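Asks: model this:
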Amino acid sequence: TNPYLLKTVSKLLSVCTLFSTYMTKFLRNLEDAEVRLMREYPGQRVSAEQLSLAVNDRTYESAILKFDESFTNLMHSLLDALSHFATSESEANMANMVSRLDFNGYYSRRTKKKPSPSVAAAAAAAA
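Replies: Purely as a prediction, here's the structure:
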């Protein structure tokens, strides 16, 4: 086990947990807004536009984009580290994990192409 890999996985799990909590609150606010609008306008259907305005859609969109960026950056770090350790320490299991985590090439096609400096630092510390 490598401390850098464990730390990265732990951060990924934290981002997922925070995202889940955030989305639960978002759905609760959306439901509350829908109930409030139904009380204000009885007998009328509540439109998506009305709900969007009621829950401040831009704030939620911005937060979701930040979660996406955090998750993607951490996935890149994890995949870079796994790839590095797979080649430097001849760990076939790590290479297998990289191919499973990026099975469709989504992360390898995304913007980050060169290994992060933290991977090189972690590799140097592990050696």
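
Asks: going on from the longest helix seen in the chain, what's the next piece of helix or strand?
Replies: With DSSP state H applied, the helix covering the greatest number of residues in the chain is identified as helix 3-40. Beyond helix 3-40 on the C-terminal side, the first helix or strand identified by DSSP states H and E is helix 48-54.

Asks: If we go by neighbour counts, what in the helix or strand just after that next one is buried?
Replies: The C-terminal neighbour of helix 48-54 among helices and strands, as given by DSSP H and E, is helix 57-88. When burial is assessed from 16 or more other C-beta atoms under 10 Å, helix 57-88 yields the following buried residues: 60, 67, 70-86. Every residue, glycine included, has its C-beta placed from N, CA and C.

Asks: same thing with stretch 31-49?
Replies: Buried, per 16+ other C-beta under 10 Å, within stretch 31-49: Ala33, Leu37, Val46.

Asks: any idea whether Ser90 is helix, strand or coil?
Replies: Reducing the assignment at Ser90 to three states with DSSP: H, G, I helix; E, B strand; the rest coil gives coil.

Asks: and Glu34, how far is that from Gln50?
Replies: Taking C-beta to C-beta, to the nearest Å as the measure, Glu34 and Gln50 are separated by 9 Å.

Asks: With Val9 instead?
Replies: Relative to Gln50, Val9 is positioned 41 Å away (C-beta to C-beta).

Asks: Look at these two and report which has more neighbours.
Replies: Comparing Val9 with Gln50 by neighbour count (other C-beta atoms under 10 Å), the higher total belongs to Gln50, at 16 against 13.
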